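In: Quick one, fold the following:
(2 chains)
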Amino acid sequence: MTIQPDMSAWRHMAPDGRRSSVLPSQSDAQGRWRIGFAMAGFALLYGVLAIRLVTLGIEADARKVASLAPVDAVAAARPDIVDRNGEILATDIKTASLFAEPRRIIDPDEAVEKLTSVLPGLDAQKVRRQLASEAGFIWLKREITPRQRRAIHNLGIPGVGFMAENRRFYPGGSTASHILGHVNVDNEGIAGIENFIDGLGLADLHEAGFALDRGLEPVQLSVDLRVQHALRDELARALERYTAIAAVGVVMDVHTGEVLGMSSLPDYDPNKPAGSLDKDRLNRASVGVYEMGSTFKMFTTAMALDSGQIAMTDSFDATKPLRVSSFTISDFHGKGRWLTVPEIFIYSSNIGTARMALQVGIEEQKAFLGKLGLLSTLKTELPETGSPISPAKWSKLSSMTISFGHGISVSPLQTAVAAAALVNGGYYVPPTFMPRSQRAAAEKSHRVVKTETSDAMRSLMRLNVQKGSGRRADVPGYFVGGKTGTAEKVVNGRYSSNKRRNAFVSAFPMDDPRYLVLVLLDEPNPEKPGISATAGRNAAPTVAGIVRRIAPMLGIQPRLDEPENAMTATAVAAIQ
Amino acid sequence: MIRWIQIGSIAAVAVAALLVFQLKYRAEAVSERVAKLQKQVDAENEANSLLKAEWSYLIQPSRIQALVERHKERLQLQPMDPEQITHLDTIPARPVGLVSADNAPLSANGRNTNGGGQ
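Out: Now for the predicted structure:
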């Protein structure tokens, strides 16, 4: 319409003389133009239709696909936790939970009748009342079995449905409870490694609404399930045999700092985490801090030898008890004579050890224990960790008592880590519950004692098992070496003579230690009346039992000939 | 001429539309199949993880130990002793020509695998 005036204007502009001949060609051109215009218009229209048709063809029917997609899980999925050999320690299993939408239920009585035929445990009265209400959504029963699910599904009750839920399952039950920790009802880790995993970013993912079902890489631990079981089993036996109130065990790789097993009895079943609330079931290995007693003599002896001030052949006066202010330091098995360093170690002389500590000096002792990580809180992947208790003012008396493990409280795991540094060639390797290569460990470690000091400590620890208080820890072929510790427990502010906390810290094979085993028994009693209940009588044989079982698993070749070395010869020569 | 072109193009449009719709339905069927298979994969994965959990429960050292303790007399089992472990080198060589009937198939088998390896 708007073009028309233009066109007539153009026509009038044409010369008059050629009008008759031009007119048909003019109208022809006009017609062609119009047709072309219409064709373009239709082409455009059809083009749009064609494009729309193609897009419709490509697009899938979203509704149809959505109905086939799996229902998202209610509780968040968690990665599996596996041990160093890939054995499952914790996994998610899908369970169905039954819910109802009372508003959509037609006949509550019929529904209740049908439901109770499959779930006899259901409270019929209560459910009838709930279903008759106008509520939008109620849980009828959480975690039903697949069979029950099928049966209810076949009943075909309207307004009743299932939702898939993830439930954490620990196949080993209480085997590794204190390492793994447990989760709450929403599948959030609230203790142990489970809590650590949440800290890695899983919790953030869940927060953002990703209940990731697939593609969660399993988390591998340094723990060896077989070692963990053997450790726990031997501790359980010791607990029974010596009627102790608690038992703690740690097995770790001295070179990489990997914890292969850690157990604290009594423990709990993470499948029923309510048991963890009991105060008696706390993780004594990393949370509990204790006076470790004579096992500390390892540290004092290493410090003395490493300072260069004291040689293996030096002797100290242990003829009579040592008096400091109002305290008297005496020996449990007093020899009443001068003792050499190896003698002090294997006879576990408090007097001799205190004298060695005094000679080295208070500041040096403090610095040395600090280097071994015994004065600061140990950091591992586990959120549960105890802070050591050391004297605020490090007096001469505290220096002397600390030299044999009294007046300072540290966790058993901390002690194990420090002891590992003395036997692995002199490196402090921070412990870990994650797999770690020797190279990665070397990057994280730092030297605390000289290689020669470490050699000397190995010899002394081996001698202690051959000739000293640790005789019952020996396992033929594996050259166990270690140090006993019998600490008197503090009862009502005083050291009690009949309540003890016994420890044995050991490593094997002693010529080139690979693994460290620590055992702590709380208030063990004599196996038979009449014999004593010192660490050599209960903690040491427990260690032997553990080593006998785990050494073959860990691939340590038993050897029948004791390897010779010069350091041991020196030490032996110094023993009368 | 124009008529033929028109008829031809109408036919082409019809065929094209037919093909497009066929393609669409095929694609839909395929995506349905994908979703179904995905669902099946999920179900299989779920069953798999359930079986894995069950298996790891069945091979728990504590369970195996209890079983062994119950049946050790019948099966004549006892804890291994360190002295029972040794290197292959320390075992004396078997005297030549002392092949018992029991060992014969085993050694023949060994030769076969050796041959295959070469």
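In: In the chain, which helix is the longest?
Out: No chain in the question, so chain A it is. Longest among the helix segments of chain A by residue count, using DSSP state H, is helix A:19-58.
In: try again with chain B
Out: helix B:2-58.
In: Check which element follows that one along the chain.
Out: Where DSSP states H and E defines the elements, the next helix or strand beyond helix B:2-58 is helix B:61-75.
In: what about that following helix, average pLDDT?
Out: For helix B:61-75, mean pLDDT rounds to 91.
In: what helices or strands is that helix leaning on?
Out: Contacts defined by 3 or more Cβ pairs under 8 Å, 6 or more residues apart in numbering or on different chains; DSSP states H and E place helix B:61-75 against helix A:225-241. Placement of C-beta: from N, CA and C, glycine included.
In: how about the helix it packs on, does it reach chain B?
Out: Yes. Counting by Cβ under 8 Å from any Cβ of the partner chain, chain B is contacted by helix A:225-241 at A:225-226, A:229-230, A:233.
In: ok so, going back, just the angle for the longest helix of chain B relative to helix B:61-75, thanks.
Out: In terms of direction (axes from the mean of the first three to the mean of the last three Cα atoms, to 10 degrees), helix B:2-58 departs from helix B:61-75 by 60 degrees.
In: same for helix B:2-58, what does it pack against?
Out: Here helix B:2-58 touches helix A:19-58, helix A:62-68, strand A:88-100, going by 3+ Cβ pairs under 8 Å, 6+ apart.
In: Show me what the longest one is packed against.
Out: Applying 3+ Cβ pairs under 8 Å, 6+ apart, one finds that helix A:19-58 makes contact with helix B:2-58.
In: can you give me the helices for the stretch 251-400 of chain A?
Out: A:297-307, A:341-346, A:350-360, A:362-371, A:396-403 (DSSP state H, counting those that start in this stretch).
In: Switch those over to CSV; also include mean neighbour count.
Out: CSV is the format used below for these (neighbours: other Cβ atoms under 10 Å in any protein chain shown):
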stretch, mean neighbour count
helix A:297-307, 26
helix A:341-346, 26
helix A:350-360, 24
helix A:362-371, 17
helix A:396-403, 22
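In: which residues of chain A score low on pLDDT?
Out: A:1-26, A:57-76, A:203, A:205-215 (pLDDT under 70).
In: ok, the nearest residue to A:A135 once chain neighbours are set aside to A:A151 distance?
Out: Among residues not flanking A:A135 along the chain, A:P102 sits closest, at 4.8 Å (Cβ to Cβ, 6 or more residues apart in numbering or on different chains). Applying Cβ to Cβ, to the nearest Å, one obtains 21 Å for the distance of A:P102 from A:A151.
In: who has more neighbours, the two?
Out: A:P102 (20 against 16; other Cβ atoms under 10 Å in any protein chain shown).
In: so how far is chain B from the more buried one?
Out: Separation of A:P102 from chain B (Cβ to the nearest Cβ, to the nearest Å) stands at 29 Å.
In: What separation do you get for that residue and A:A111?
Out: Distance of A:P102 to A:A111, given as Cβ to Cβ: 9 Å.
In: cool, and A:L378?
Out: A:L378 is 57 Å from A:A111, where distance means Cβ to Cβ.
In: Next: A:V48.
Out: Separation of A:V48 from A:A111 (Cβ to Cβ): 54 Å.
In: ok, those two, which is more surrounded?
Out: Neighbour totals were compared for A:V48 and A:A111, and A:A111 leads with 23 against 10 (other Cβ under 10 Å).
In: What parts of the stretch 101-250 of chain A come near chain B?
Out: A:169, A:171-173, A:175, A:213-214, A:225-226, A:229-230, A:233.
In: Could you dump those into TSV with distance to A:T486 added?
Out: Shown next, in TSV, are these (distance: Cβ to Cβ, whole Å):
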residue	distance to A:T486
A:F169	41
A:P171	38
A:G172	32
A:G173	33
A:T175	29
A:D213	53
A:R214	54
A:L225	32
A:R226	30
A:H229	28
A:A230	25
A:D233	24
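In: Among those residues, which one sits closest to A:P558?
Out: A:A230 (16.3 Å; Cβ to Cβ).
In: The closest one contacts A:M553, correct?
Out: Yes. Counting by Cβ atoms under 8 Å, A:M553 is a contact partner of A:A230 at 7.3 Å.
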